[in-house]
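Participant: need coordinates for the below:
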Amino acid sequence: MAKLYMGFDAGTQSVKVAVYDENFNPVASHSLPTTLHYPQPGWVQMNIDEFLNITVECMKKTVEAIKGKGYSPSDIAAVMGDGIICGICGVDENGKAVTPYINYLDSRTQADVDAINAKNLDIWGRETGNPETNCMFPAMFARWFLANSEDFRKKGVKFVHNAPYILMNLAGLKGEDAFIDWGAMSGWGLGYKVEKKEWSDEQLDILGIDKKYMPRILKPWDIVGGVSEEMAARTGLVAGTPVCAGAGDTMQSMLGSGVFEAGQGVDVAGTCAMFCVSTKGIVPELSKKGSGLIFNSGTLENTYFYWGFIRTGGLSLRWFKDNICQKADDSSYYRVLSEKAEEVPAGSNGVVFLPYLTGGTGEFKGASGMFLNMTLDDDQFVQWRAVLEAIGYDYMEITDTYRAAGVDLNRITVTEGGSRDSLWNQIKADMLNATVVRYRNAGGAVVTNCVFAAKAAGHIEDVRPLLEKTIIKDAEYTSNADNSTLYRKLFDLKTKLVKTDLQPAYATLMQMRETKVEK
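Facilitator: Modelled structure (predicted):
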């Protein structure tokens, strides 16, 4: 009997399911896109049952594929998945969603965030490493559901993330059985003690969130149950196949990029571009108010990391391809854009893109996405490079914060879908004045999940040696000194433009967006 392991990554733009063998070579995989909904300006939500149904369909296709290769579904020893760390929905007693799934792209809680931060409490930083709240924190979504969702107030029993929702439904669990692993728990931003890996009664009391709504905290490799008969019929898996508690996507991507100890940097180039640095614990210089950084617990015990984020990083790229270039059904068009954009000089001929496509936050809460400084000589390839560079400027700001705290970032690993784009990687190397390394496995989270599935099944004890075997360097990009110097000058000008020159325009632009034909 062969030993196989199934893993899935439930991300913002797609769900991927894969099966790996005992040597952690890929056997089969399948992926499908997700759907984002924008019911109001600044609101971004999803249907979590779409996540579940897409994952089930991908599992079915993957099981069919392994059968075609001579394997049996009974060879799959365990199922492990990861999902978005900053996003929740509410579930009823049957474990079914009674609210939309709100994630980190949403900014509906901004006024509430401002009110919480105005209290100027130090408990947040002391217990979580996050000195301020943020409108992408699930803790704030929970407050919004309690205040605005009649369905949750009547029928809700727990708040859950997307991967646990998929896993608990796969195992046929009820709402009271809801769970979360200790890494994804830290995605809440507030409401917990990061080092003790437990909910904080004092914080939850301040937030007005009854502890009864919080899921139980588990280790990522804990077994929560077995595949139910219903889900066995839908997926092709064998009923009773062990189901793990799961993990956070960022945590798994970091492990899949070889980050096992402090002082290493990783760029998770997904929908929300996340720039992470591993640490031994809370670093006071990075947990200061105004740093813009988030502190989280890793998947493994006693591992921690900070990350800065660009909320519309990968989403800006998808928006440009789908909406501007009208190539929604052509994923290969990313390659066309970058191949042509390689001919555009660094700085994009002075063209600037501001990536506030889902609205701004904080001092830029009135901002919107826009292209500036274009002429008749510019085309979509100039615009494409400008979009890449716009995201890169945000990376530069985060890198400056890390380096000011003494974190060495001369070498950065890139992972996830955006890491496949060589132009994008070279721009990052130039803008950050660092060497950028890409590993062969772009979707490191999925194979990492399979390694943990093997641990859950009792087939291995230590995951690190096996994870190290799955990591093979694919490419390396060194910075161009002239381009690095140019980007530093442009970064200073762009900062002045956004923080000073355009401030008076934000209110006017918002007024223009909201001006409609009177009926």
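Participant: distance of the closest residue to residue 127 other than its chain neighbours from residue 124?
Facilitator: Spatial nearest neighbour of residue 127, chain neighbours left out: residue 193 (4.8 Å); criterion: C-beta to C-beta, 6 or more residues apart in numbering. C-beta here means a position set from N, CA and C on the backbone, and glycine is covered the same way. The gap separating residue 193 from residue 124 is 11 Å, by C-beta to C-beta, to the nearest Å.
Participant: could you do residue 409 as well?
Facilitator: The value you get for residue 409 to residue 124, if C-beta to C-beta is used, is 26 Å.
Participant: what do you get for residue 185?
Facilitator: Taking C-beta to C-beta, one finds residue 185 at 15 Å from residue 124.
Participant: just residue 358 next, same as before
Facilitator: Taking C-beta to C-beta, one finds residue 358 at 24 Å from residue 124.
Participant: check residue 152 too.
Facilitator: Taking C-beta to C-beta, one finds residue 152 at 24 Å from residue 124.
Participant: same question, residue 68
Facilitator: 52 Å.
Participant: got the contact list for the closest residue in space to residue 157 that isn't next to it in sequence?
Facilitator: Nearest residue to residue 157 in three dimensions, chain neighbours excluded: residue 175, at 4.1 Å (C-beta to C-beta, 6+ apart). When contacts are counted by C-beta atoms under 8 Å, 6 or more residues apart in numbering, residue 175 touches 91-96, 157-158.
Participant: again with residue 138
Facilitator: Residue 138 touches 86-88, 159, 161, 187-189, counting by C-beta under 8 Å, 6+ apart.
Participant: which of these fall in strands?
Facilitator: Judged by DSSP state E, the contacts of residue 138 include 87-88, 159 as members of strands.
Participant: now tabulate those residues in TSV and tack on pLDDT and neighbour count.
Facilitator: Formatted as TSV, these follow (pLDDT from 0 to 100; neighbours: other C-beta atoms under 10 Å):
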residue	pLDDT	neighbour count
87	97	28
88	98	29
159	98	25
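Participant: now distance to residue 235 too, for those residues, in a markdown table please.
Facilitator: Formatted as a markdown table, the ones in strands among the contacts of residue 138 follow (distance: C-beta to C-beta, whole Å):
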| residue | distance to residue 235 |
| --- | --- |
| 87 | 23 |
| 88 | 24 |
| 159 | 26 |
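Participant: closest to residue 306 out of the residues you listed?
Facilitator: Distance to residue 306 across these (C-beta to C-beta) is lowest for residue 87, with 19.7 Å.
Participant: go ahead and confirm the closest one touches residue 162.
Facilitator: Yes - with contact defined as C-beta atoms under 8 Å, residue 87 reaches residue 162; the gap is 6.1 Å.
Participant: and for those two, which residues touch both?
Facilitator: In contact with both residue 87 and residue 162: residue 101, using C-beta under 8 Å, 6+ apart.
Participant: list the buried residues in the top helix by length along the chain.
Facilitator: What stands out as the longest helix in the chain, according to DSSP state H, is helix 380-404. Neighbour counts over helix 380-404 (16 or more other C-beta atoms under 10 Å) mark 380-396, 398-399, 401-402 as buried.
Participant: one more: stretch 70-90?
Facilitator: Buried residues in stretch 70-90 (16+ other C-beta under 10 Å): 71, 73, 75-90.
Participant: just the buried members of the contacts of residue 175?
Facilitator: Of the contacts of residue 175, these count as buried by 16+ other C-beta under 10 Å: 91-92, 95-96, 157-158.
Participant: dump these to JSON lines, plus distance to residue 248.
Facilitator: Output for those, formatted as JSON lines (distance: C-beta to C-beta, whole Å):
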{"residue": "91", "distance to residue 248": "19"}
{"residue": "92", "distance to residue 248": "24"}
{"residue": "95", "distance to residue 248": "20"}
{"residue": "96", "distance to residue 248": "23"}
{"residue": "157", "distance to residue 248": "23"}
{"residue": "158", "distance to residue 248": "18"}
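Participant: just those: which are in strands?
Facilitator: Those of these lying in strands (DSSP E): 91, 158.
Participant: what residues are up against the residue nearest to residue 169 when sequence neighbours are not counted?
Facilitator: Closest residue to residue 169 apart from its sequence neighbours, by C-beta to C-beta, 6+ apart: residue 52 at 5.5 Å. Contact analysis of residue 52 by C-beta under 8 Å, 6+ apart lists 165-166, 169.
Participant: for residue 68 and residue 124, indicate the residue with more neighbours.
Facilitator: Of the pair residue 68 and residue 124, residue 124 is the one with more neighbours under other C-beta atoms under 10 Å, namely 25 against 9.
Participant: restrict the helix or strand containing that one to CA atoms and write it as PDB.
Facilitator: Remark: residue 124 resides in helix 123-128, with elements defined by DSSP states H and E. Taking C-alpha atoms only, helix 123-128 is exported to PDB below (Å, rounded to 0.1, in the frame of the first residue of the first chain):
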ATOM      1  CA  ILE A 123      -2.500  45.400  26.400                       C
ATOM      2  CA  TRP A 124      -2.700  44.800  22.600                       C
ATOM      3  CA  GLY A 125       1.100  45.100  22.100                       C
ATOM      4  CA  ARG A 126       1.900  43.400  25.400                       C
ATOM      5  CA  GLU A 127      -0.100  40.300  24.700                       C
ATOM      6  CA  THR A 128      -0.200  40.000  20.900                       C
END
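Participant: tell me the buried residues in the helix or strand just after it?
Facilitator: Sequence order places helix 138-148 as the next helix or strand after helix 123-128, per DSSP H and E. By 16+ other C-beta under 10 Å, the buried positions in helix 138-148 come out as 138-146.
Participant: same thing with stretch 342-361?
Facilitator: The neighbour-count check on stretch 342-361 (16+ other C-beta under 10 Å) flags 344, 346-348, 351-361 as buried.
Participant: swap in stretch 254-261?
Facilitator: Here stretch 254-261 shows 254-260 as buried, counting by 16+ other C-beta under 10 Å.
Participant: just stretch 286-297 next, same as before
Facilitator: Neighbour counts over stretch 286-297 (16+ other C-beta under 10 Å) mark 286-287, 291-297 as buried.
Participant: over to stretch 471-490?
Facilitator: So, applying 16+ other C-beta under 10 Å, buried residues of stretch 471-490: 471, 477, 479, 483-484, 486-487, 490.
Participant: please apply the same query to stretch 413-423.
Facilitator: Applying 16+ other C-beta under 10 Å to stretch 413-423 flags 413-421, 423 as buried.
Participant: can you list contacts of it?
Facilitator: 253, 256-259, 264-270, 273, 313-314, 317, 334-335, 338-339, 341-342, 385, 388, 424-425, 428, 436-439, 442-445, 475, 477.
Participant: which residues touch the residue nearest to residue 127?
Facilitator: Counted by C-beta under 8 Å, 6+ apart, residue 193 has contacts 127-128, 199-200.
Participant: let me know the closest of those residues to residue 179.
Facilitator: Of those, the one sitting nearest to residue 179 (C-beta to C-beta) turns out to be residue 199, at 12.6 Å.
Participant: any idea what the closest one is bridged to?
Facilitator: Residues found in beta-bridge contact with residue 199 (criterion: DSSP bridges) are residue 192.
Participant: and it, what does it touch?
Facilitator: Applying C-beta under 8 Å, 6+ apart, the residues contacting residue 199 are 185, 191-193, 211, 214, 217.
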